[in-house]
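**Q** Fold the following and give me the result.
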Amino acid sequence: MTSTASTPSTAVQAPISTPRDRFPVLGALPTRLDSLTSLRFFAAFAVFTHHFTGLGHKTGYGRAPLLFPYSQIGVHGVTFFFVLSGFLLTWVHKPEQSAGAFYWRRMARIWPATLVAALPAYYVFYVLAHEHRDWGSIVSSIFLVQNWFPNAYPTLPGNPVTWTLCVEMLFYALFPFAARALVRLSTRRLVVLTAAGLLGMVAVNHYAFAYLGDRMASWVMRHPVVYMPEFLLGITLALAVKRGWRLPLHPAVPVLALGAYVFAYYQARHRLPEYWDKQLECTVRPSIAILAALIMLAFVQREIAGRRGLMNSPVLINLGIWSYCFYLIHHSVSRWATYEYGRLADDNSTLFGLLGLGLVATGLAWALHRYVEEPANKWLLRHMPARLRTPVRR
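**A** The predicted structure follows:
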């Protein structure tokens, strides 16, 4: 998962259409999309809820029947982040920016907080857990390349949540070059390419379940390449909206659709034979990605039209700004509480524990953002090598 800080709130003129980028002149488009910043917090909290309640069988800190098993879908909050990354980076993309400058900015935003959050994660997941140290795997997680190694130990080494950042790193590596190629495609071709990619995710998932052992299948489904269609979905959505495509859609519709999907999915899993349950599971990532894209679209269209709502409130915007640090620290907080105090009772009183630990993680996230992420980002941007600042000629 990545932090994508909002750009200045002043509206800017949409790029003039050229044969190279095919953007029409749409007038002023906002570069700051506060509602998407706020939505980041809900996605991060969904992941926190998943880790808090666990997968059943005495995993997690406590299981609240009011939430479980539906809370398990929270793991796919990372799908929202993948789609969002593709959307936001495309939305604020500057063709004249060099690839080196892009990489420097991404590193400045992501790495400092990741390094600091690795310290409590090491204490919790290795020292308190009495876990064997495989230093090669730990170092690979520090440099965010752990998903490329099928024999990493444990399965999610270092700070476990950073496996998603490994996925993001591949997307960042490709984006400066992919953006130049994708912007030349028509919206229709982008939609077809995106649909093919999402279907490919289903096919890969099916193959992994059907023909690979559990460990290898798990590694394949965490491999960065597998998630690229979700980033492509975000890119396609951003380009379509910038080109003037609109869909009459109230935000409540895709939000309710997501709730209905989650309810129906877990109800179906209790009733389906194992084979069909596995087939249904293969479709979850693309399904959540599409619903996430529709939610983003609904809120972005409201902001373009100048309408504001709950997602534009300062409190939620700040929570969204801190959400990257919240994501980095939340699992360590939850697991530390489990080791320190033992599991909570598996009843709905556990919800108070969920909210309490959520507040603790939020406070730590604020501190990590305030004293590490933001100052380090500013310092690194001030010290960007001059050669990287030179605009690319086209």
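
**Q** before we move on, what SS does the residue at minimal distance from the centre of the chain have?
**A** By Cα atoms, centre = their mean, the mean C-alpha position of the chain lies nearest to Phe81, the distance being 2.1 Å. When classified by DSSP: H, G, I helix; E, B strand; the rest coil, Phe81 comes out as helix.

**Q** Thought Phe41 was touching it, still the case?
**A** No: in this structure, Phe81 is not within contact of Phe41 by Cβ atoms under 8 Å, at 11.4 Å. Quick note: C-beta positions are derived from backbone N, CA and C, even for glycine.

**Q** any idea how far the nearest residue to Ala240 once chain neighbours are set aside lies from Lys242?
**A** Once flanking residues are discounted, Ala240 sits nearest to Thr187: 5.0 Å by Cβ to Cβ, 6 or more residues apart in numbering. Per Cβ to Cβ, to the nearest Å, Thr187 is found 10 Å from Lys242.

**Q** How about Ala113, nearest residue that isn't a chain neighbour?
**A** Glu373 (4.2 Å).

**Q** Quick one: the strands in this protein, in order.
**A** 12-13, 28-29 (DSSP state E).

**Q** rank those strands by mean pLDDT and give me the bottom one.
**A** Among the strands of the chain, strand 12-13 carries the lowest mean pLDDT, a mean of 34.

**Q** Go through stretch 58-68 and flag the buried ones.
**A** Going by neighbour count (16 or more other Cβ atoms under 10 Å), the buried part of stretch 58-68 is Gly60, Tyr61, Gly62, Arg63, Ala64, Leu67, Phe68.

**Q** Need those in TSV (columns: distance to Phe231).
**A** Output for the buried residues of stretch 58-68, formatted as TSV (distance: Cβ to Cβ, whole Å):
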residue	distance to Phe231
Gly60	29
Tyr61	32
Gly62	34
Arg63	33
Ala64	33
Leu67	29
Phe68	30
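
**Q** From those, which land in helices?
**A** Using DSSP state H, no member of the buried residues of stretch 58-68 sits in helices.

**Q** before we move on, the earlier item: between Thr187 and Lys242, which one's more packed in?
**A** A direct count of neighbours by other Cβ atoms under 10 Å for Thr187 and Lys242 places Lys242 higher, at 22 against 16.

**Q** Looks like that one contacts Phe87 (just checking).
**A** No: the pair Lys242 / Phe87 is not scored as a contact, 10.4 Å apart, by Cβ under 8 Å.

**Q** so how far is Val226 from Asp214?
**A** From Asp214 to Val226 the distance is 16 Å (Cβ to Cβ).

**Q** Please say which of those two ends up with more neighbours.
**A** Counted by other Cβ under 10 Å, Asp214 and Val226 do not tie: Val226 has more neighbours, with 19 against 9.

**Q** I'd like to check which residues are in contact with the more buried one.
**A** Met201, Val204, Val220 (Cβ atoms under 8 Å, 6 or more residues apart in numbering).

**Q** Most neighbours among those residues, which one is it?
**A** Met201 (21 neighbours).

**Q** How about residues contacting stretch 306-316?
**A** By Cβ under 8 Å, 6+ apart, the list of residues contacting stretch 306-316 from outside reads Asp34, Ser35, Ser38, Leu39, Phe41, Pro251, Phe299, Arg302, Glu303.

**Q** biggest separation within these, which pair?
**A** Of all pairs drawn from the contacts of stretch 306-316, the greatest distance, 17.9 Å, lies between Phe41 and Arg302 (Cβ to Cβ).

**Q** which one of the two has more residues nearby?
**A** The neighbour count for Phe41 versus Arg302, taken as other Cβ under 10 Å, is higher for Phe41 (23 against 19).

**Q** neighbours of the nearest residue to the more buried one once chain neighbours are set aside, just the number please.
**A** In space, not counting the residues next to it along the chain, Phe41 is nearest to Leu319; the distance is 4.0 Å by Cβ to Cβ, 6+ apart. Burial of Leu319 is recorded as 21 neighbouring residues (other Cβ under 10 Å).

**Q** and Leu319, what does it touch?
**A** Neighbouring residues of Leu319 by Cβ under 8 Å, 6+ apart: Ser38, Phe41, Phe326, Thr362.

**Q** By neighbour count, which of these wins?
**A** Scoring the contacts of Leu319 on neighbours with other Cβ under 10 Å, the highest-scoring entry is Phe326 at 28 neighbours.

**Q** Tell me if I'm right that that residue and Leu359 touch.
**A** No: the pair Phe326 / Leu359 is not scored as a contact, 11.0 Å apart, by Cβ under 8 Å.

**Q** Where does the prediction get shaky in this structure?
**A** Within the chain, the stretches with pLDDT under 70 are 1-27, 56, 394.

**Q** Apply 80 and report the result again.
**A** 1-28, 55-59, 392-394 (pLDDT under 80).

**Q** what about the helices in the stretch 251-394 of the chain?
**A** Using DSSP state H, counting those that start in this stretch, the helices found in the stretch 251-394 of the chain span residues 252-269, 274-281, 284-304, 314-321, 323-341, 350-368, 374-382, 386-389.

**Q** With respect to Pro95, which of these lies nearest?
**A** Pro95 lies closest to helix 386-389 among these, at 15.3 Å (Cβ to Cβ).

**Q** Grab the nearest non-local neighbour of Gly197.
**A** Gly197's closest residue in space is Pro229 (Cβ to Cβ, 6+ apart), at 3.0 Å.
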